[in-house]
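In: Turn this into a structure:
(one chain, ligands or ions: 1)
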Amino acid sequence: MPSLKPIDFADIFGTTLDLLSETTRGAIGAHNWNYRVLEGPERDGIMLDLLQRIESRRLTLVQNEDKSRWERGWGENLEDFEKSGGKLEALLPKYIRPGLPVRLYGEFVQPEDPNFESNWYSIYRAWFVQRHLSGFKSIFEFGSGSGFNVAYVAQQFPGARVMGLDWVQPSVDIVEALRKEHGLNVAGRQFDFFHPDETLDMPAGSAIFTVGALEQTGTQWESFLEFILKKKPACCFHIEPIYEWYDHENNLVDYTAWKAHEVRNFWRGFPGKIIELEKQGRARILKTKRINFGSLVLEGYSQLFWKPV
Ligand SMILES: C[S@@+](CC[C@H](N)C(=O)[O-])C[C@H]1O[C@@H](n2cnc3c(N)ncnc32)[C@H](O)[C@@H]1O
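Out: Numbers count the residues shown, from 1 in each chain. Predicted coordinates:
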């Protein structure tokens, strides 16, 4: 049975084996990465089901600046967090669903371990945070959701100030609770990608990151981009599904993600704009990497890293 090896992790992350730390290798070694590539009727069944969901729009859609879904979702996490007496596990978002097939190198595969995707994400996040965020004194997560990334980054770098921003109040309340109850060096603040708050103070040399958050802006990311160009953080790290990077003309698995992306009105056009800005000398692209791994519906973890100049 095939299995993800450290070399595959390095390849998926866009690094080399020698740059994976002992800790990362240890974490990889602690889980079961076996999977089965789905073929024949099983693969057709998944494909047909996805195409039917796409056609009938039975997918969560981004529309009309509607934040109610997020208010409800993060409100539940906030409640669980408070009930648990401030346990960080209560912040795990519910959208990584255990047991489902995942996307891997242009195939649908069924992992043996039902928590394959969430285990993978923990390792990916730990690698990303150590590799890219260490050394920054001021770090901002935009669209911080349940606050679990904010908590993790703040624990890794107690000397840094980590700010969690989101357009819904429960997310802000969670980050504030992380400061009050866990003594983390964090702060929460409301922020809307569609109407950026220019009064937000961003010290020189800051890093900003997003994880599956800009995906929610469809084609309306211009105001946020203008805001970033003005604030000039030292680095912008976007871990997001990237519409433009699927091989939708040659690969049917990719086609389903590409189509789902369109129907859901997810992030489109941003990578092209950054390339244009680079040509104009207003941005520098630091890294672009399609992550050939994702959930059943799309690949959510690709890397677009850049900086305004
Ligand atoms: C898929 S969740 C990701 C949350 C978190 N980054 C994570 O990794 O779990 C998308 C997040 O984007 C936020 N969001 C959506 N539209 C937004 C907007 N216009 N302004 C700010 N945040 C927004 C949602 O409230 C939600 O927290």
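In: hmm, who's touching the helix or strand where E176 lies?
Out: Assigned by DSSP states H and E, E176 belongs to helix 169-182. The set of residues external to helix 169-182 that reach it, using CB atoms under 8 Å, 6 or more residues apart in numbering, is 70-71, 74-75, 77-78, 81-82, 86, 88, 91, 144-147, 150-151, 154, 163-166, 184-190. All C-beta atoms are positioned from the backbone trio N, CA, C, and that covers glycine.
In: ranges for the helices of the stretch 151-300 of the chain?
Out: If DSSP state H, counting those that start in this stretch is used as the criterion, the helices of the stretch 151-300 of the chain fall at 169-182, 222-231, 252-263, 270-279.
In: mind checking which of the ones you listed is nearest the ligand?
Out: Put simply, out of those the one that sits nearest the ligand is helix 169-182, at 5.6 Å, with distance taken as CB to the nearest ligand atom.
In: hey, C-alpha coordinates of that closest one in CSV?
Out: Backbone C-alpha positions of helix 169-182 (Å, rounded to 0.1, in the frame of the first residue of the first chain) are rendered in CSV as follows:
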residue,chain,number,x,y,z
GLN,A,169,-17.0,39.1,16.7
PRO,A,170,-16.7,35.5,18.2
SER,A,171,-13.3,35.2,16.5
VAL,A,172,-12.1,38.4,18.1
ASP,A,173,-13.5,37.2,21.4
ILE,A,174,-11.5,33.9,21.2
VAL,A,175,-8.2,35.7,20.6
GLU,A,176,-8.9,38.1,23.5
ALA,A,177,-9.7,35.0,25.7
LEU,A,178,-6.4,33.5,24.6
ARG,A,179,-4.6,36.5,26.0
LYS,A,180,-6.7,36.7,29.2
GLU,A,181,-6.9,33.0,30.0
HIS,A,182,-3.6,31.7,28.5
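In: Please work out the average pLDDT along that helix.
Out: For helix 169-182, mean pLDDT is 96.
In: wait, what's in contact with G99?
Out: Shown here is G99, whose contacts under the criterion CB under 8 Å, 6+ apart are P114.
In: Check the secondary structure at it for me.
Out: Reducing the assignment at G99 to three states with DSSP: H, G, I helix; E, B strand; the rest coil gives coil.
In: Filter the contacts of helix 169-182 down to the ones in strands?
Out: Here DSSP state E is the test, and the contacts of helix 169-182 give 163-166, 186-190 as lying in strands.
In: Quick one: name the residues of this structure near the ligand.
Out: In this structure, the chain approaches the ligand at residues 70, 93, 143-146, 149, 166-168, 171, 191-194, 211-213, 216, judged by CB under 6 Å from any ligand atom.
In: which among those residues end up buried?
Out: Buried subset of the residues of the chain next to the ligand (neighbour count, 16 or more other CB atoms under 10 Å): 70, 93, 143-146, 149, 166-168, 171, 191-193, 211-213, 216.
In: how far off strand 186-190 does the helix holding E176 point, in degrees?
Out: In terms of direction (axes from the mean of the first three to the mean of the last three CA atoms, to 10 degrees), helix 169-182 departs from strand 186-190 by 160 degrees.
In: For helix 169-182, buried residues please.
Out: In helix 169-182, counting by 16+ other CB under 10 Å, buried: 170-179.
In: And the residue of this structure that's closest to the ligand?
Out: Checked against the ligand (CB to the nearest ligand atom), the nearest residue in the chain is G145, 2.6 Å away.
In: OK, contacts around that residue?
Out: With contacts defined as CB under 8 Å, 6+ apart, the neighbours of G145 are 70, 74, 93, 166, 171, 213.
In: same deal with E79?
Out: Applying CB under 8 Å, 6+ apart to E79 gives no contacts.
In: Please tell me which one of the ones in strands among the contacts of helix 169-182 counts the most neighbours.
Out: In terms of neighbours by other CB atoms under 10 Å, those top out with G164 at 31 neighbours.
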